[in-house]
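K.L.:
sequence unknown, structure follows:
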């Protein structure tokens, strides 16, 4: 059923060319069959009558009135089309060329509506206000200016992170966004490596080196040198890391910084652990306790960071992550109980676990604060070396006699807070002739007990020995596997698996980013920017083919601080 | 805290949706609110006789002679200084007057009604360019012309307007902006168009062919025939947006030849004043800058409503006033977007791809960016009795926006 809807606007004059354009746009709307948008002159009314659109209402219009008539398939389509008129009329595209210099960022963004970025390099005392306004306008900020108060930096980054925007800086010299260099930057090819850097030349050197080695960059995000301080708390660094973690184009992430505040470094590394892709970390001059922690690779130089990133991007890590199967566990299951016969293996296990768990107690601890008060009573995460003197008085060493370990194993299986039991099986001359033949049935029994109580008990074991040992390595492995044990001949592999599993079970250890995620698409779309300050920054963008508008900027209120302060308060309320 | 954005959006929406229609002509005493027998109205903010500019004094003296209350300068001055005749700003009485803007009780005025919101405003009838009362001239030929306007021309135009059921000024101005007018200093297209529209009704209403011909010729010859109606129309627009709590939009800009004054929507009827500026102008033969009176008149109501200097991109011909290039006209309008709140829905500029004119001066933006409103204006001779000497561009003094901002901050708790 055709429906004709008419709207008369008294005293609303529009040029006929504008109205013809509007008419064409209306015709493209769904369900619209025909339309007439004209001033109400007699000749125009004749025209409408001719095409059967002159409703009685339209016939009353005077020459100064705007007539909008839409015929459509149904009333809803007709109303929707009429409702679109204002929007279509307002959709005039400013036809200014970008060589004109507006006097404010506000007009600059009107001239270049596709601009998602602002580059700020005005004097520090004014920079924060310019950045604040840009954030209100929903733009990412590249803040080159220095001498911005740290309190301002904190406030800006708080505002940005709540809005899903980046503030790179203050004092950020370089960034590469979607292949376009901001500030001081090199011409670097695009590729699968993303970089986050709190060090300007660090970012330049690493990205240039990656290019030299044949690699390329998705995005290189600068944060400003203070970002990783205690006060600022790595807001931009964490946002950038989260962004690159989510970016499917980024296969490897590189983190570069001068030594961060220790607590901040922990936070950043926690987040990096969850990246789901390799992260090469170069916190210059920070002592690394390990060279590798799951997906984290620690290196000591910028060059090494670039080289390793290129290698990882090309070859991958060569490992598949084991499935954790978290759903098998019951709520409340979260602790590790290590029942070791070998002291060194137990000691190494504790050491490796420092990268995963906040505290692991032991009867032979790596530091004395973690000493179990009573080795017979397990607490939280703990590793018991059953070969310690306290257990071997009047008893054979657990490498020869499995009784004590089996008893303890069955005890632990009854504890509803236990999720994982980790053991070592050391074979060879002098050891029990076939330890797995006793341990495997006990493990099966322990698991069955847990299962009966509605839980799942994971048992992981490292087997130390050789295929020519009397007990035969493979036979031990097979028996254990038959009992459902997660087995490896690498102590590190077992401990890291257990560590990952426990971290995942602890959920809380997963850092949830407190920020609104930055929209990936905002970095992927062709970069367009407004530049306030150093003209060379605008020239460089233009040279790279990025649309840019330079603002003819002056201090607000001509530098009158009283008036500027009033204006700022008005904006904040 | 008030919601400034919301308040400002309300103000500009009301300003743009106001639809002024000039409906007729009537005696000032009969229609202007608060008009009295011994009252003269004048342009700009309040002023004393001592501080009053030459052309305004001349126009007041001329008005009292026109009213038959005085025969000489001395006599008129006596009445004005003794308080027997008082004077108040047009803006205190829903009026606007160009240049000196003097309106006396028996003068005819246009009645302009905002059909959207119902408010009205008034302005006197334009006398043409050159040696005229509004420029401070008061010689017998000036008064003779005034009498003809009041007794022949005005009543006939009034009847014609009534016959045609009023004339929509928003539409007239919208079209004129597409024909090279700015709506303030250049109204050639609007005046011709107005004449064309009115002529048939003038002929029908005229007592004889000669009066009709004389009236139509006067209308058509005077490129400023529509200035006063336009000003009253703009007044109804900005009045529709006045007194909105929390708004930083300017609703009046006016000059008395001594002071430039503004009012702000959210600050009620308080004037913020500073010295009226010197106009950067082109002068008629025989005159120069030293003859010029400082900026004068209520016609800045057009810029306040989003046309005039703000719509300069529509009127490249005007740049000859400042020996500029057409690009300067475009740049002026683009600069005004920096300090305005909205783009006009109904006043558009072809050269800017039909972008709406910059509308609603926001005192926050004026102060923040240090950009003052641009005004296109005529220039009166500084001495009474001479008249117009040129035309050009001018800006208000910066201090009035600063003081307004501080007053706003104090009133609404931003300081």
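P.N.:
Structure received. Keep in mind that what you see is a predicted model, and the values were worked out from it rather than measured.

K.L.:
Could you list the contact residues of chain A toward chain B?
P.N.:
With C-beta under 8 Å from any C-beta of the partner chain as the criterion, chain A comes near chain B at residues A:10-15, A:18, A:64, A:86, A:89, A:92-96, A:100, A:102-104, A:106-107, A:110, A:554, A:556-558, A:560, A:562-567, A:569-570, A:573. Any C-beta I mention is one placed from the backbone N, CA and C, and that applies to glycine too.

K.L.:
rerun that using 6 Å as the cut-off
P.N.:
Applying C-beta under 6 Å from any C-beta of the partner chain, we find that chain A lies next to chain B at A:11-13, A:15, A:18, A:64, A:92, A:94-95, A:103-104, A:107, A:554, A:556-558, A:563, A:566-567, A:569-570, A:573.

K.L.:
Of those, grab the buried ones for PyMOL.
P.N.:
To isolate the buried ones among these in PyMOL, judged by 16 or more other C-beta atoms under 10 Å in any protein chain shown, type:
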select buried, chain A and resi 11+12+13+15+18+64+92+103+104+107+554+556+557+563+566+567+570
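
K.L.:
Just list the residues touching residue 228, thanks.
P.N.:
In the absence of a named chain, this looks at chain A. A:198, A:234, A:237, A:257, A:260, A:264 (C-beta atoms under 6 Å, 6 or more residues apart in numbering or on different chains).

K.L.:
please go with chain B instead
P.N.:
B:123-124, B:126.

K.L.:
same question, residue A:293
P.N.:
residue A:355.

K.L.:
which one of the contacts of residue B:228 sits closest to residue B:384?
P.N.:
Nearest to residue B:384 among these is residue B:124, at 18.4 Å by C-beta to C-beta.

K.L.:
if I look at that closest one, how far off is residue A:224?
P.N.:
With distances taken as C-beta to C-beta, to the nearest Å, residue B:124 is found 63 Å from residue A:224.

K.L.:
higher neighbour count, these two?
P.N.:
Applying other C-beta atoms under 10 Å in any protein chain shown to residue B:124 and residue A:224 shows that residue B:124 carries more neighbours, namely 31 against 28.

K.L.:
Who does that one form a beta bridge with?
P.N.:
residue B:109 (DSSP bridges).

K.L.:
Correct me if wrong: it contacts residue B:106.
P.N.:
No. With contacts counted by C-beta atoms under 6 Å, residue B:124 stays clear of residue B:106, the gap being 11.2 Å.

K.L.:
Report the mean confidence score over the host helix or strand of residue B:282.
P.N.:
Assigned by DSSP states H and E, residue B:282 falls within strand B:280-283. What strand B:280-283 shows for mean pLDDT is 86.

K.L.:
residues making contact with the following helix or strand past it?
P.N.:
Using DSSP H and E, the helix or strand that directly follows strand B:280-283 along the chain is strand B:296-297. With contact meaning C-beta under 6 Å, 6+ apart, strand B:296-297 is reached by B:43, B:98-99, B:101, B:255, B:257, B:380.

K.L.:
Name the strands paired with strand B:296-297 and say parallel or antiparallel.
P.N.:
Partners of strand B:296-297, by DSSP bridges, with direction: strand B:250-256 (antiparallel).

K.L.:
So what touches the partner strand?
P.N.:
Against strand B:250-256 from outside (C-beta under 6 Å, 6+ apart): B:43-44, B:47, B:91, B:238, B:241-242, B:261-265, B:276, B:295-298, B:300, B:304, B:361.

K.L.:
Buried residues, stretch B:292-305. List them.
P.N.:
Neighbour count says stretch B:292-305 has B:292-305 buried, by 16+ other C-beta under 10 Å.

K.L.:
Likewise for stretch A:42-53?
P.N.:
Going by neighbour count (16+ other C-beta under 10 Å), the buried part of stretch A:42-53 is A:44-45, A:48, A:53.
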